[in-house]
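Asker: requesting a structural model of the entry that follows:
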Amino acid sequence: KSVLISVNAEFDGQILHWHIKSGKCLHTITEKGNQLFCLDYFSDGSQFATAGRDRLVRVYDEATKRLVQTLQGGDLKETAGHSNRVFSLKYHPQQPHI
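Answerer: Got it, this is the predicted structure:
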């Protein structure tokens, strides 16, 4: 069933899914110890990703709300990656790449 939801990422590591009409929180995910700065959905709505203070990009399955992948920074010598907080992320519009 399709419902209109609002999703927000919080400074305390919480991702909240809200039902717009009722104003009720449908689901909460907590990234303990992380401060979230950004969240984006893949174009078909099947997955979403978050990032923030801990330098990790986490990919979640929208249907199950389960973490499916974690992308972490490299050492900037041998492997690429983030060496600091992640303030922005965006999915590619046609491919499931962040």
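Asker: contacts and neighbour counts: CA atoms only from here.
Answerer: Noted.
Asker: for residue 23, the count of nearby residues, please.
Answerer: 10 (other Cα atoms under 10 Å).
Asker: from residue 7, how far out is it?
Answerer: As judged by Cα to Cα, to the nearest Å, residue 23 and residue 7 stand 12 Å apart.
Asker: next one: residue 34
Answerer: Distance of residue 34 to residue 7, computed by Cα to Cα: 17 Å.
Asker: can you map out the strands along the chain?
Answerer: Remark: strands assigned in the chain by DSSP state E are 5-9, 14-19, 25-30, 36-41, 47-52, 57-61, 67-71.
Asker: quick check: which of those is nearest to residue 90?
Answerer: strand 36-41 (6.0 Å; Cα to Cα).
Asker: pull up the pairing partners for the closest one, direction included.
Answerer: strand 47-52 (antiparallel) (DSSP bridges).
Asker: pull the distance from the partner strand to the chain's centre.
Answerer: 2 Å (Cα atoms, centre = their mean, to the nearest Å).
Asker: just the pLDDT for the one residue sitting closest to the centre of the chain.
Answerer: In the chain, the centroid-proximal residue (Cα atoms, centre = their mean) is residue 50; its distance is 2.2 Å. With respect to pLDDT, residue 50 has a value of 93.
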